[in-house]
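Asks: next input, structure requested:
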Amino acid sequence: MKNKSAYWLSHTPVEKFNLIELAHTQRAISNFVKILTKEEIPVEFFENNQGESMTDGKKIAISSTINLNNIDSVVGLAIHEGAHCKHTNFKVLKKISNRLLEGNLMGGRRWIEMLLNFIEDRRIDNLVYHNAPGYQDYYRAMYDRYYYSKVVDKGLKGKEYREENWESYMFRIINMFNKNSDPTALHCLPTIYKAVDLKNIGRLTSTKHSLELAITIYQLLAMHFSLKKGPDLKHQNQINKKNAKNKNKVSKEEIKKAFSKQENFLKGQTSKTSLTKKETKQVEAIGKSNIQIKDIKVLDTSCPVHVIEGITPAIIESNLYDTFYINDLKHRPQVEDGINIGKKLLRKLRVRNEQITLASKRLKSGKIDPRRIYAANFEDDLFYKIDRANYKPISLHVTIDGSGSMDGTKWQQVLTNTIALGYVALKMDNIDLTISIRTSGYNPNSSSSTAQIPLLILAFDSKKNTLRDLKRLAYYKANGLTPEGMCLNALNEFIPNSSYYLDSYLINMSDGYPTFEYGKDLNYRGEKAILDTAKAVKNIKKKGVKILSYFIQSSTTKVKEKELNENFQIMYGKEASFIDPKNVNEVTKTLNSLFLERNLIS
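Replies: This is a model prediction of the structure:
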C-alpha cells in the first residue's frame, strides 16, 4: 500500500482534493487528534491572510493542498501538532524571555529557541511514536517530507557546513538523527550528541527540561566560540573540511534551502496553502453536515448525485450549492400558515393515537374473571380476553421538485402544505414523515462557476428532527434543473418497504419533464429521461410502496396538457393526476382521508 491513509479514505482522488474530500479528510484528522489528546482540538484549514503559525495548543491549522501523494505527511504533521497540544507547556514558551533575562542570555535567543524547538519536538515525538504505534507510518511520512532529502544527505557527507560557526552547528544538530550524520564534522559535536542523548530523550519529562537542555547546549557552544578565536578557529575549519568526503557534491545554496525548510518546520511555519473565506465556510458546512455522493447509473453512463441529510445552519450560511436564501423572510409566511393548518388537521387526527380495546367475557380459556367466580358451580365460562388494536403505522415520504420552474405560487403552496404535514407528523405516534427536495446545485467540487450536479436534499425526518428543523425549509430557494430519475434512484434506499406492520407511501409533487445536463457525456431529457424516471419509480414500487403523484399545473402546461398527462403517467403510473397550484391543499385532504382509514393491527 503506497500510503496508510488509503485504508480509511472513502474516495481515491488523484489530483488536489476537492471541498467535499477536504471536509472528509479534516473530519478523519480531527478524530486522530482527538484520540491522541483526548480533547476536542479543532483542526482547521488556513484561511487567506491568516499567515503561518505553529499550533497555540488550542487549535491546529493544516494545509488545504492535499492529494494522495502528501496525505500521510499532512496527517503526520497534524498528529505532531496534536502532540504539542497534549505534551508541550505553552506557558514555558510564552515566558521564555523571563528565563533568558534571568540568565543574561537574551543575546542568544535565536539559537536557544531553535535548540528548544528541536529538543521539544524530539521529546514529544518520542512519546507518541512509542505509545501510539498506529501513528508511526504517518510520522515517517512527515519526516520524509520535511527532514529527509538527498540534498541534506549530501550536505551532511560533504565539505559544506563544517566551519566552526553557529549555522554549521545548527545544521548538524537538527540532523543528528539522520543516518548520514557525522559526529566528527565539528569540534564540539561529540559533546553535544552526548548531551542530547537521543536514545534516552524520554528522560526529559517536561518542556521546562527541554528548555534547560537547550540553554546548556547554547552555553557550551558560546564558550567554545569565545575560546577558539582567530588562527585557532581557522585551523579547526581547515581540519574539518580536510576530513570531509567530496562525493556527490552539492552547492551550499541548495543545502541552505533545505536547511531553511527544516528551520521553518521547527518554528511551525510549514508551507500551508490557504482557502478563501468562502471555501472555508463551505468546508465547515460539509464537515458539520452529512453529505454523501452516490454514483447513479443513468442512460449509458453514470452521474454523481449529492445527498444532503438535513438542512443545517452551516449549509444555509455557506450557501454550499447555491440553493438557500441567507434569511427566511421570503417564505416565513408560508411556514406560519403551514403550522396553523397543521394544528387544525391534528385535531381531526387525534383518533389515530388512540388504542381500540375489546373485552370478551364468558370464555372457556384465558384469564380468570373475578366477577364470575360467584357462578363457579359446575360452570366453566370463568375466563375473559382483552383484544387491543392500534392503527397501522404509516411511513410517508413527500418528495418535491425543487427546480426553478416551481418558484413562485407553486412553491409557496407546496411549502405551506408540506409544513402542515410535518407538524402533524411531529405530534403523532404512528405517522413518520420524511421530506426530500429534488433539484440541482452548483458543484462545490468543480472550479467551473456553471457546473451543476443532481442534488437530493433530505430536508426533514419526523423521527429525529424538531419543529425548528422543519422551519428551515423556509430557507430553500427553488432553483436549478430537474434530474428526476437520478434523484429518485438515490432516494430509493431511504424509503422503507411496506409490510404487515407498516404502510409506506411516496407522495411526489412536480411540474415538468426530467431535464439535466452533466458535462458532455450526459444530456438527460426527452423520451430517454422519461423512461429512466419510470424505471426508478418502478423500482420503488417493487418494495410495496404506494405512490401518489401530483403534477402541479401552470398556464404554460395547460397548452400541452394531454401530452404532459400521458408522459407524467408513464413516469408515475395511471394514478398520477394534475392539480392546480391554488388547490395544493387537495393533497393534504387526500392524505387526511388516508390517515383516518381504519387499517388496524393487533
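Asks: packing partners for the longest strand along the chain?
Replies: Identified as the longest strand of the chain according to DSSP state E is strand 431-442. For strand 431-442, the packing partners by 3 or more CB pairs under 8 Å, 6 or more residues apart in numbering; DSSP states H and E come out as strand 394-401, helix 409-427, strand 452-461, helix 484-491. Using the backbone N, CA and C atoms, a C-beta is placed for each residue, glycine as well.
Asks: quick one: it to helix 484-491, angle?
Replies: Interaxial angle, strand 431-442 versus helix 484-491 (axes from the mean of the first three to the mean of the last three CA atoms, to 10 degrees): 130 degrees.
Asks: so what are the sheet partners of strand 431-442 and their directions?
Replies: Strand pairing for strand 431-442, determined by DSSP bridges: strand 394-401 (parallel), strand 452-461 (antiparallel).
Asks: dump these to a markdown table, plus distance to residue 528.
Replies: Listed next are the strands paired with strand 431-442 as a markdown table, based on distance: least, CB to CB, whole Å:
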| stretch | distance to residue 528 |
| --- | --- |
| strand 394-401 | 19 |
| strand 452-461 | 16 |
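Asks: what about those, which gets the closest to residue 561?
Replies: Taking CB to CB, strand 394-401 is the member of the strands paired with strand 431-442 nearest to residue 561, at 17.6 Å.
Asks: show residues contacting that closest one.
Replies: 406, 414, 418, 421, 425, 430-439, 482, 484, 487-488, 491, 494-496, 502-512, 591, 594-595 (CB atoms under 8 Å, 6 or more residues apart in numbering).
Asks: and residue 276, which of the strands paired with strand 431-442 is closest to it?
Replies: That would be strand 452-461 among the strands paired with strand 431-442, by CB to CB, at 20.7 Å.
Asks: alpha carbons of the closest one, in CSV - could you do that?
Replies: What follows is strand 452-461, C-alpha atoms only, in CSV (Å, rounded to 0.1, in the frame of the first residue of the first chain):
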residue,chain,number,x,y,z
GLN,A,452,-24.1,21.6,-11.8
ILE,A,453,-24.8,18.2,-10.2
PRO,A,454,-28.0,16.4,-9.2
LEU,A,455,-28.9,17.3,-5.6
LEU,A,456,-31.2,15.4,-3.2
ILE,A,457,-31.9,17.2,0.0
LEU,A,458,-33.3,15.0,2.8
ALA,A,459,-34.8,18.1,4.4
PHE,A,460,-36.8,16.7,7.3
ASP,A,461,-37.3,13.5,9.2
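Asks: out of the helices and strands packed on strand 431-442, which is closest to residue 553?
Replies: From the helices and strands packed on strand 431-442, taking CB to CB, the stretch that ends up closest is helix 409-427, at 8.9 Å.
Asks: same for the closest one, what does it pack against?
Replies: helix 332-349, strand 394-401, strand 431-442, helix 467-471, helix 585-595.
Asks: now for these, which one comes closest to residue 95?
Replies: Comparing these by CB to CB, helix 467-471 comes nearest, at 46.5 Å.
Asks: and the closest one, which residues are buried?
Replies: By 16 or more other CB atoms under 10 Å, the buried positions in helix 467-471 come out as 469, 470, 471.
Asks: residues contacting the first one?
Replies: By that I understand residue 469. 310, 311, 460.
Asks: show me where pLDDT drops low in the stretch 101-250 of the chain?
Replies: 229-248 (pLDDT under 70).
Asks: a markdown table please, covering the contacts of residue 469 and showing distance to residue 164, neighbour count and pLDDT.
Replies: Putting the contacts of residue 469 into a markdown table (distance: CB to CB, whole Å; neighbours: other CB atoms under 10 Å; pLDDT from 0 to 100) gives the following:
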| residue | distance to residue 164 | neighbour count | pLDDT |
| --- | --- | --- | --- |
| 310 | 65 | 18 | 91 |
| 311 | 67 | 26 | 92 |
| 460 | 73 | 27 | 96 |
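Asks: so what's the residue count around residue 188?
Replies: 19 (other CB atoms under 10 Å).
Asks: not counting sequence-adjacent ones, nearest residue to it?
Replies: Nearest non-adjacent residue to residue 188, counting by CB to CB, 6 or more residues apart in numbering: residue 224, 5.1 Å away.
Asks: ok, residue 84 next?
Replies: Counting by CB to CB, 6+ apart, the residue nearest residue 84 is residue 55, at 5.4 Å.
Asks: now do the SS call for that neighbour.
Replies: Secondary structure, DSSP: H, G, I helix; E, B strand; the rest coil: residue 55 is coil.
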